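J.: Structure of the sequence below:
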Amino acid sequence: MKLDSEHLEILAAIVEHGGLTEGAEALGKSQPSVSRSMALLEARIGLPLFEPGRRPLRPTELGASLARLGSRIHRANKEASLLVQRYRQGLAGRLRVGGSPIFMDGVVASMIAEFQSRHADVQIDQSYGYLNQLEAGLRNGGLDVAILPLHPAQVPPDLEFTPLLSGNNVIACRAGHPLTRTRGITLNHIAPYAWIAPPADSPLYRDLQRALKSIGQEDFRVNFSGGTLASIQSVLTGSDALTVLPYSVVFLSRRTIPLEALPLKIDHAERQLGILRVSDRQLPPAVRQLTAFLLAECQRLQARMDHDQQITRRRG
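T.: Got it, this is the predicted structure:
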């Protein structure tokens, strides 16, 4: 036997509020329509819902049990309505986010943590990749958005790119490194030190080669390579080795890890960290919330970094 769930909700309102008129008012319905609904429900089950001749209305044992079920249905409907509303507003849902490892771990992860502290009902499934893998994930529907550094010329015509943050690179070292006490750093100062190389298939590895070439050091000694950001940071802080990292990664790392950016201008690709997505695809509404949040956070971060670099240049 299938019962109309709306009839059970009406029954619950009548029992809760003590009468047909009171229940109708609570539901925003007319008293005759509520009476008809109860008559239909009684006809459907073939048993009375209220004890006859009792004023105020008193539900039968069956009527009281069905009313409790109706209350549960009403609560579930309210919860479902709220969920739909929150999903449409981008306050709930699931996002599949891919990104380049160094930026995701060094910059974006802390921002996502703050985003989720404000939007706890948004689930984020994160994965790693570089441009080719991330493009494929976007096109095949495996990713909603990708976060990575790109030059405008690299953006494919079927994808849309929202810049977030400058992708400037710096030479990084541990705090207290001998070079941090050297004014007017030259190639001769840098030459004796070994280098930490990012994974060979990463854009940052090519950036390292380009940066060193720009200061005249085409041959360089690598003593550690291929690690995650965490392992690069650990080797960096435990040795006198140098590496090339995005300035934003060094800047944010300093909250917990003693790193410094050397005041030495190096050549780097004109890329920006940003959000890549398929242009004509309908995405979960939470993408709007995440994009707006990251834009605001990155604007604040950029202002802090610009101020810090001005101080560094004056010191250098």
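J.: which stretches of the stretch 51-200 of the chain form helices?
T.: For the stretch 51-200 of the chain, the helices defined by DSSP state H, counting those that start in this stretch cover 61-88, 101-103, 109-118, 131-139, 187-190.
J.: which one of the ones you listed is the most hemmed in?
T.: helix 101-103 (a mean of 21; mean count of other Cβ atoms under 10 Å). For glycine as for every other residue, the C-beta is placed from the backbone atoms N, C-alpha and C.
J.: Touching that helix from outside, list them.
T.: The contact list for helix 101-103, computed with Cβ atoms under 8 Å, 6 or more residues apart in numbering, reads 128, 147-149, 198-199, 202, 204, 228-229, 245-246, 248-249, 273.
J.: Tell me the buried residues within those.
T.: When the contacts of helix 101-103 are checked for burial by 16 or more other Cβ atoms under 10 Å, the buried set is 147-149, 198-199, 202, 204, 229, 245-246, 248-249, 273.
J.: Not counting its neighbours along the chain, what's nearest the residue nearest the centre of the chain?
T.: Central residue of the chain (Cα atoms, centre = their mean): I112, 4.4 Å from the mean position. Leaving aside its chain neighbours, I112 sits nearest to I124 (6.0 Å; criterion: Cβ to Cβ, 6 or more residues apart in numbering).
J.: which residues does the closest residue to Q89 other than its chain neighbours contact?
T.: Distances taken as Cβ to Cβ, 6+ apart put P285 closest to Q89, at 6.6 Å, once the chain neighbours are dropped. Going by Cβ under 8 Å, 6+ apart, P285 touches Y87, R88, Q89, G90, G93.
J.: Just give me the closest of those to R300.
T.: Set against R300, the nearest of these by Cβ to Cβ is G90 (20.8 Å).
J.: roughly how far apart are the closest one and L290?
T.: 8 Å (Cβ to Cβ, to the nearest Å).
J.: do the same with Y193
T.: For Y193 relative to L290 (Cβ to Cβ), the value is 40 Å.
J.: Please say which of those two ends up with more neighbours.
T.: L290 (24 against 18; other Cβ atoms under 10 Å).
J.: Name the residues of whichever strand or helix holds the more buried one that are buried.
T.: Following DSSP states H and E, one finds L290 within helix 286-315. By neighbour count on 16+ other Cβ under 10 Å, the buried set for helix 286-315 is A286, V287, Q289, L290, T291, F293, L294, E297, C298, L301, M305, Q309.
J.: what residue ranges in this protein score low on pLDDT?
T.: Residue ranges of the chain with pLDDT under 70: 309, 311-316.
J.: returning to that earlier point: in JSON lines, list the buried ones among the contacts of helix 101-103 along with distance to I171.
T.: As requested, those are exported to JSON lines (distance: Cβ to Cβ, whole Å):
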{"residue": "I147", "distance to I171": "24"}
{"residue": "L148", "distance to I171": "22"}
{"residue": "P149", "distance to I171": "18"}
{"residue": "P198", "distance to I171": "13"}
{"residue": "P199", "distance to I171": "18"}
{"residue": "S202", "distance to I171": "17"}
{"residue": "L204", "distance to I171": "13"}
{"residue": "L229", "distance to I171": "16"}
{"residue": "L245", "distance to I171": "8"}
{"residue": "P246", "distance to I171": "12"}
{"residue": "S248", "distance to I171": "15"}
{"residue": "V249", "distance to I171": "13"}
{"residue": "L273", "distance to I171": "19"}
